[in-house]
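Undergrad: requesting a structural model of the entry that follows:
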Amino acid sequence: MAEAAPLAAPLAAPLAAPLAPRARLWPALAAVYRAQLSRARVARIPLLFVATFQSVGIMILMRGVVDGGGSTEAQAVVAGSSVLVVAFVALNLLAQYFGQLRAGGGLDHYATLPVPPASVVLGAAAAYASFTVPGTFVTAVFGCLLFGLPMSGLWVLLAVVPLAGAALSGLGAALGLLAPRQELATLAGQLGMSAALLLGVLPPERMPDVIVWARGLLPSTYGVEAFARTFAPHPDWPVVALDLAVCAGVGVVSLAAATWAYRRAAVR
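TA: Now for the predicted structure:
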């Protein structure tokens with residue numbers, strides 16, 4: 001008698017498709033930057049106008065108590081008010097954005113994308129900092145006309161804005177990501193901007209020593225100092241370059257801290 005035909009072999013399990021490779025840092029950063037820029041363009045332009053109007057209003061108020069004509073107090077007011085536009089957007093609004101993103105589950109969406117965490121933080125920070133360029137230059141030009149300061153050093157803002165923006169954006173993103181609640185992220189952003197206002201705009205010569213020491217801990221201080229030094233008849237360019245280098249170093253540290261905070265918040 002013929003043997004029964006052997007049972008059919010079980011179907012082989014389908015091979016799992018290989019996962020797509022993770023995107024490289026710079027292409028992913030560019031993609032996040034374009035997405036954030038297009039998303040925030042309509043919503044952030046009115047806020048940028050508010051930031052510029054606020055800085056201009058502060059300079060008008062300070063003009064009543066600070067002499068013009070190239071005094072060191074006038075230089076500090078104009079430089080601090082110009083960088084305050086960066087602080088309002090890069091620190092305050094970015095802290096609110098990441099706090100809202102964490103509270104609403106938006107971090108889960110970014111966590112599913114094959115992009116490095118640094119590209120998310122850097123792309124969002126660069127997009128927010130980009131909105132500060134027009135307002136910063138408008139504030140600086142108005143301040144120079146109001147206090148009678150030379151405009152020959154305004155080109156330094158091309159370095160001050162991205163470096164101070166990086167430092168403040170990293171700080172704002174870290175505050176928003178580390179805050180346990182969205183309301184606390186908003187509060188932290190407001191307090192940070194208030195610190196930039198009080199410590200960056202007021203002339204340091206009239207402050208107590210403890211306030212001057214605290215001013216040195218604020219990331220944007222070195223950008224303010226670099227810009228203020230350009231109003232001198234003969235600017236000390238090596239010192240300006242040193243201030244910008246310190247600002248850049250602080251920016252690297254703050255963005256690294258924001259990247260760590262993003263990874264910490266995304267795994268929760």
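Undergrad: find the centremost residue of the chain, please.
TA: Per CA atoms, centre = their mean, the C-alpha nearest to the average position across the chain is that of S169, at 2.0 Å.
Undergrad: do you know the pLDDT at that residue?
TA: pLDDT for S169: 89.
Undergrad: could you do C247 as well?
TA: With respect to pLDDT, C247 has a value of 92.
Undergrad: could you pull up the residues touching it?
TA: 160, 163-164, 167, 219-220, 222-223, 226 (CB atoms under 8 Å, 6 or more residues apart in numbering). No exception for glycine: its C-beta is placed from N, CA and C like everyone else's.
Undergrad: so of those residues, which ones are in helices?
TA: Counting by DSSP state H, these place 160, 163-164, 167, 222-223, 226 in helices.
Undergrad: widest-spaced pair of those residues?
TA: By the measure CB to CB, the ones in helices among the contacts of C247 have their two most distant members at A167 and A226, which lie 12.2 Å apart.
Undergrad: these two: which is more packed in?
TA: Neighbour tally, A167 and A226, criterion other CB atoms under 10 Å: the higher count belongs to A167, 32 against 29.
Undergrad: surely that one and L218 touch.
TA: No: when contacts are counted by CB atoms under 8 Å, A167 is not listed as touching L218 (9.1 Å).
Undergrad: what about P203, distance to L146?
TA: Per CB to CB, to the nearest Å, P203 is found 15 Å from L146.
Undergrad: could I get the ones in helices among the contacts of C247 as a markdown table with distance to A87?
TA: Shown next, in a markdown table, are the ones in helices among the contacts of C247 (distance: CB to CB, whole Å):
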| residue | distance to A87 |
| --- | --- |
| V160 | 12 |
| L163 | 13 |
| A164 | 8 |
| A167 | 10 |
| Y222 | 13 |
| G223 | 10 |
| A226 | 15 |
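Undergrad: which of those residues count as buried?
TA: With burial judged by 16 or more other CB atoms under 10 Å, the buried subset of those is 160, 163-164, 167, 222-223, 226.
Undergrad: give the buried residues for stretch 70-77.
TA: 71, 73-77.
Undergrad: can you show me the CA trace of that stretch as CSV?
TA: Taking only C-alpha atoms (Å, rounded to 0.1, in the frame of the first residue of the first chain), the coordinates of stretch 70-77 have been written out as CSV:
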residue,chain,number,x,y,z
GLY,A,70,27.1,108.3,22.3
SER,A,71,27.0,107.8,26.1
THR,A,72,27.6,104.2,27.3
GLU,A,73,24.1,104.2,28.8
ALA,A,74,22.5,105.0,25.5
GLN,A,75,24.6,102.3,23.8
ALA,A,76,23.4,99.7,26.4
VAL,A,77,19.8,100.7,25.9
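Undergrad: now the host helix or strand of A95: average pLDDT?
TA: Counting by DSSP states H and E, the secondary-structure element that holds A95 is helix 94-103. When pLDDT is averaged over helix 94-103, the result is 88.
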